[in-house]
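[1] using only what follows, build the 3D model:
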Amino acid sequence: MKFSELVRLLEKEGFKIVKEKGSIRYYGKRGWNKLVRVDYHGSKEVPKGTCHAILKSAGIKKK
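    Okay, the predicted model is just below:
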């Protein structure tokens, strides 16, 4: 999965950018008390472990 695809998935689940500093983006949504940190790198592939950690912190089950 590429970083841009991961961001689209987060946005589809209702997450929006709360703050951004350089290439680091923090996503949040109403009713979710934790911020999800994504070190955004555009069209690069997300390392498998990183992808799982981001999805887990967002409470998203990968299909």
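
[2] and the residue nearest to E45 when sequence neighbours are not counted, its phi and psi?
    Ranked by C-beta to C-beta, 6 or more residues apart in numbering and with sequence neighbours excluded, the top spatial neighbour of E45 is K2, at 5.9 Å. Any C-beta I mention is one placed from the backbone N, CA and C, and that applies to glycine too. Backbone torsions of K2, given as degrees, to the nearest 10, read phi -90, psi 160.

[3] tell me the spacing between the residue located most distally from the centre of the chain and G42.
    Ranking residues of the chain by C-alpha distance from their mean position (C-alpha atoms, centre = their mean) puts G31 at the top, at 16.4 Å. According to C-beta to C-beta, to the nearest Å, G31 and G42 sit 29 Å apart.

[4] for I60, same thing?
    From I60 over to G42 (counting by C-beta to C-beta), the distance is 21 Å.

[5] quick one: which of those two has more around it?
    A side-by-side neighbour count of I60 and G42, using other C-beta atoms under 10 Å, places I60 first with 16 against 9.

[6] quick one: contacts for the more buried one?
    Counting by C-beta atoms under 8 Å, 6 or more residues apart in numbering, I60 touches L9, L10, E13.

[7] my understanding was that the last one contacts A58; is that so?
    Spelled out, that is E13. Yes: counting by C-beta atoms under 8 Å, E13 does reach A58; the two are 6.7 Å apart.
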